[in-house]
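J.: could you work out the structure for the sequence below:
(chains A and B)
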Amino acid sequence: MKATIPILLRAPKAEDINFIYSSWLKSYRNSEDASRMSNEVYYGHHKKVIEQLLQSSNAVIACNPQDPDQVYGYTIFQVVNGVMVIHYTYTKFTFRKLGIAKEMIHANFPMLGTEPIVVTHANRVFDNVKEKYLLVYNPYIR
Amino acid sequence: MSDVQEKKPKVSKKVVKDPAKQPSAEAILAKTPVPQPRDLIDTSLKIIQAEIGKLSTVSAAGQLDPQQARILTEYVKTLVVVDKNAKDLPEEQDDIASMSDEELLEEAKKAIEASKNKKVETK
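T.: A predicted model of the protein is given here:
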């Protein structure tokens, strides 16, 4: 499952953490669940949720192979009792619909599309692809 | 008397515009909102992404010819460059956002003047 654009998958560096926090908080703010909260509640509490998830999960960064500092997106995931749990997948607006998210997930979970995956943060993309990739929404798994 | 009405020959009404009464480029510019660089980039990105989407579909079907493959590669390269340059954009946006209408018009006039001079040079 190769993306339309050549990508390099690597582990996150300290410089990526701010980008992960900022993009996750801003993009998930538009989700159905988060949009019902006030800014104070959402940003105050969700930053802590992300912090906890980053400590307990794995992260993979998709970037430009010629310039690994140019980040295209990332996936934060963990395996719980043998089940793949994706906490968040983000692709920069410029690089969407190029198969980057698919390649990031497939590289860590080759059964993508044949085995169910638990997703803890759902948005509109989740609704569009949940049947195709056997995604199950469960926000309580940490 | 016949019901069929005689068709009158159409007389084209050519409106001769008086060049003196035409709004100047400056006046048009003053009325036209100045597009923000971010908007221009977003529009370009949407066009490029739509084209990539079409070519990717062709590619997935295994029907991509060499020319289309080159176009696809160039589009993808463009995205990488746009993303790199986008990092420098906010400062530029702030500059434009902080300008008054008069300052923006002044900048537009300078640009028009510069382009006129360029045309004269090339003649």
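
J.: convert the C-alpha atoms of stretch A:14-27 to PDB, please.
T.: The C-alpha trace of stretch A:14-27 is given here as PDB (Å, rounded to 0.1, in the frame of the first residue of the first chain):
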ATOM      1  CA  ALA A  14      11.500  16.100  20.100                       C
ATOM      2  CA  GLU A  15      10.900  18.900  17.500                       C
ATOM      3  CA  ASP A  16       7.800  17.000  16.200                       C
ATOM      4  CA  ILE A  17       5.900  17.100  19.600                       C
ATOM      5  CA  ASN A  18       4.700  20.700  19.300                       C
ATOM      6  CA  PHE A  19       3.400  20.000  15.800                       C
ATOM      7  CA  ILE A  20       1.600  16.900  17.000                       C
ATOM      8  CA  TYR A  21      -0.100  18.700  19.900                       C
ATOM      9  CA  SER A  22      -1.000  21.700  17.800                       C
ATOM     10  CA  SER A  23      -2.400  19.800  14.800                       C
ATOM     11  CA  TRP A  24      -4.200  17.200  16.900                       C
ATOM     12  CA  LEU A  25      -5.900  19.800  19.100                       C
ATOM     13  CA  LYS A  26      -6.800  22.100  16.200                       C
ATOM     14  CA  SER A  27      -8.100  19.400  13.800                       C
END
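
J.: quick one, grab the pLDDT at the closest residue to A:A59 other than its chain neighbours.
T.: Spatial nearest neighbour of A:A59, excluding adjacent residues (C-beta to C-beta, 6 or more residues apart in numbering or on different chains): A:P12 at 4.6 Å. Glycine gets a C-beta too; all of them are placed from N, C-alpha and C. On pLDDT, A:P12 comes in at 95.

J.: might you report the residue contacts of A:P12?
T.: A:I20, A:A59, A:V60, A:I61, A:Y74 (C-beta atoms under 8 Å, 6 or more residues apart in numbering or on different chains).

J.: against chain B, how distant is it?
T.: The gap separating A:P12 from chain B is 18 Å, by C-beta to the nearest C-beta, to the nearest Å.

J.: tell me which two in the contacts of A:P12 are the farthest apart.
T.: For the contacts of A:P12, with distances taken as C-beta to C-beta, the pair at the greatest spread is A:I20 and A:V60 (11.3 Å).

J.: and for those two, which residues touch both?
T.: In contact with both A:I20 and A:V60: A:P12, A:Y74, using C-beta under 8 Å, 6+ apart.

J.: end-to-end on stretch A:60-71?
T.: End-to-end span of stretch A:60-71 (C-alpha to C-alpha, to the nearest Å): 11 Å.

J.: number of nearby residues for A:N58?
T.: Applying other C-beta atoms under 10 Å in any protein chain shown, we find 14 other residues in the vicinity of A:N58.

J.: so it touches A:Y74, yeah?
T.: No. Using C-beta atoms under 8 Å, A:N58 makes no contact with A:Y74, being 10.7 Å away.
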